[in-house]
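Q: prediction below, plus the sequence it came from.
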Amino acid sequence: MLRLRCCIASHILSAPSTSPISHLRRLLSATAPPIPSNPGFAVEDYLVDTCGLTRPQALKASRRIPQLKSSSKPDAVLAFLAGLGLTSADVAATVAKDPKLLCADVEKTLAPKVVGLTGLGLSRSEIARLVSLAGTHFRCAPIASRLQYYLPFFGSFENFLRPVKRSSYLLGFDLERTVKPNVAFLQECGLGDCDIVKLCAVVPRMLTANPKRVREIVACAEGLGVPCGSGMFREALQAVSLLNEEKITTKLEFLKRMFGWSDAELSHAVSKAPVLLRRPEEALRRRSEFLISEVGLKPAYIAHRPVIISYSMESRLIPRYYVLRFLKANGLLDQNQDYYNTIVLSEMAFVEKFICPHKESAPDLAEDYATICKGEVPTNFRST
């Protein structure tokens with residue numbers, strides 16, 4: 001029966017868009033008579049044996065579908081998902097997220113949603129990806145009408161999936177009461193649609209939060225000295241969106257203490273690099289100790305170039321410092337060469353400027369640099 005339903009679902013999904021529901025109604029009514037309740041049907045075993053859930057997942061999921069008394073609807077749903085192209089792993093994950101999907105009526109609930117999404121130009125594989133990410137929202141939300149707004153706004157299906165991967169709640173919020181007011185307000189703040197799309201790829205809640213909360217987030221970003229419409233405004237919103245006022249104050253005090261900044265230097269640094277507020281304290285502590293104690297940079301120097309703190313210690317700050325120190329110690333580089341100017345170079349540009357020219361005078365430099373990028377300090381670098 002399951003194999004038969006798979007064939008039916010596949011036929012329906014590939015049928016002309018003019019009458020897919022009528023095809024579904026005719027085929028299901030002709031070949032799939034109702035199956036009576038099975039007294040011996042064990043939901044938990046079905047979830048494990050047929051849906052691919054683990055036993056703990058099945059135990060949790062079974063509690064949400066006590067009304068399931070036979071495999072009739074679940075078999076039809078699984079055939080429908082298979083017809084969309086979901087893998088066994090995708091099906092298991094989808095059912096674990098939304099066990100009640102197994103109780104859905106394929107003809108009345110699921111098929112019309114697929115028809116609507118197909119009408120928007122989505123392929124079967126794209127619909128399958130959406131189903132696997134949407135959770136309960138595929139079954140419960142007016143998903144086609146919401147994508148009719150989201151797809152042109154985000155510019156592509158792939159762009160839309162980025163925030164959905166972070167939070168499927170984007171599919172669950174009312175467009176008129178929540179999403180559109182938030183978009184309009186962010187536009188008033190100087191963000192273009194492209195900026196909003198990039199922002200929401202990282203922080204989807206900027207579209208789904210209560211509009212009052214979005215206004216509070218904007219006010220908080222401005223309070224950091226980052227005005228609306230500035231180049232750093234989007235980054236400032238990302239930085240403060242998940243922090244309350246108390247956490248922001250605590251992080252600012254930590255930055256000030258750790259880097260020895262004055263109030264003015266702190267304000268300047270955060271306005272130029274709001275991302276600092278999202279860095280873990282331990283990561284900031286390590287960078288402070290290295291940049292100030294090891295490299296010898298002054299607090300004011302760092303405050304006016306705060307982006308330096310955002311770079312990786314292991315792949316950039318430490319390796320390039322050792323290369324510069326080695327070259328200066330061996331008279332191969334001007335003692336006044338600025339550390340920051342070497343940090344901001346791309347990897348290719350750094351190698352071309354500071355490694356390649358010294359192949360003869362320092363033949364081991366390239367190998368030593370590659371070694372230190374792996375976390376090991378070569379003897380040549382230790383002794384300089």
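A: Right, received. Where do you want to start?

Q: got the phi and psi for the residue most central in space within the chain?
A: Centroid-nearest residue in the chain: R166, 4.5 Å away (criterion: CA atoms, centre = their mean). Backbone geometry at R166, expressed as degrees, to the nearest 10, gives phi -80, psi -40.

Q: can you verify my assumption that it contacts P204?
A: Yes - the pair R166 / P204 is scored as a contact, 5.4 Å apart, by CB atoms under 8 Å. In this view, the C-beta of every residue, glycine as well, is placed from N, C-alpha and C.

Q: ok so, going back, tell me how far the residue nearest to the centre of the chain lies from S156.
A: Relative to S156, R166 is positioned 17 Å away (criterion: CB to CB, to the nearest Å).

Q: before we move on, what about G296?
A: 48 Å.

Q: now T136
A: On the measure of CB to CB, T136 and S156 end up 25 Å apart.

Q: and these two? Which one has more around it.
A: T136 (15 against 11; other CB atoms under 10 Å).

Q: do I have it right that that one meets K100?
A: Yes - assessed by CB under 8 Å, T136 is found in contact with K100 at 7.3 Å.

Q: can you give me the helices for the stretch 151-300 of the chain?
A: Applying DSSP state H, counting those that start in this stretch to the stretch 151-300 of the chain gives helices spanning 157-166, 180-188, 193-202, 205-208, 211-223, 233-240, 245-259, 263-272, 281-288, 299-303.

Q: which of the ones you listed sits most buried?
A: helix 233-240 (a mean of 25; mean count of other CB atoms under 10 Å).

Q: show me the contact partners of it.
A: 189-191, 195, 198-199, 202-203, 206, 217-218, 220-221, 224, 226-227, 248, 271, 273-278 (CB atoms under 8 Å, 6 or more residues apart in numbering).

Q: one more time with 6 Å
A: Defining contact as CB atoms under 6 Å, 6 or more residues apart in numbering, one finds that helix 233-240 is touched by 195, 199, 202-203, 217, 220-221, 224, 226, 274-275, 277-278.

Q: same thing with stretch 351-359?
A: Residues external to stretch 351-359 that are found in contact with it (CB under 6 Å, 6+ apart): V323, L332, L365, A366, Y369.

Q: repeat for stretch 88-95
A: C51, G52, L53, L81, S132.

Q: following element in sequence after the helix or strand bottoming out on mean pLDDT in the chain, please.
A: The helix or strand with the lowest mean pLDDT-type score in the chain, counting by mean pLDDT, DSSP states H and E, is helix 20-31 (a mean of 40). Downstream of helix 20-31, the first helix or strand assigned by DSSP states H and E is helix 43-49.

Q: contacts for that following helix?
A: Here helix 43-49 has contacts from L53, R55, A58, A61, S62, L68, using CB under 6 Å, 6+ apart.

Q: which members of the residues you listed are classed as buried?
A: Neighbour-count burial (16 or more other CB atoms under 10 Å) applied to the contacts of helix 43-49 gives L53, A58, A61, S62, L68.

Q: which of those fall within helices?
A: A58, A61, S62 (DSSP state H).

Q: let's have those residues in a markdown table, adding pLDDT and distance to F160.
A: Output for those, formatted as a markdown table (pLDDT from 0 to 100; distance: CB to CB, whole Å):
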| residue | pLDDT | distance to F160 |
| --- | --- | --- |
| A58 | 95 | 32 |
| A61 | 95 | 28 |
| S62 | 94 | 33 |
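
Q: just for this structure, where's the confidence low?
A: 1-40, 380, 382-384 (pLDDT under 70).

Q: hmm, try it at 90
A: When residues are selected by pLDDT under 90, those of the chain lie in 1-41, 229-231, 242-245, 374-384.

Q: on that earlier part again, can you put the helices of the stretch 151-300 of the chain in a markdown table and add distance to A93?
A: A markdown table is the format used below for the helices of the stretch 151-300 of the chain (distance: least, CB to CB, whole Å):
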| stretch | distance to A93 |
| --- | --- |
| helix 157-166 | 13 |
| helix 180-188 | 29 |
| helix 193-202 | 22 |
| helix 205-208 | 22 |
| helix 211-223 | 31 |
| helix 233-240 | 28 |
| helix 245-259 | 33 |
| helix 263-272 | 40 |
| helix 281-288 | 32 |
| helix 299-303 | 45 |
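
Q: and those: which comes nearest V77?
A: Closest approach to V77 among these is made by helix 157-166 (21.4 Å; CB to CB).

Q: got the angle for the closest one vs helix 193-202?
A: 30 degrees (axes from the mean of the first three to the mean of the last three CA atoms, to 10 degrees).

Q: ok, residues contacting helix 157-166?
A: Residues outside helix 157-166 that contact it (CB under 6 Å, 6+ apart): E126, L133, Y150, F154, L170, V197, C200, A201, P204.
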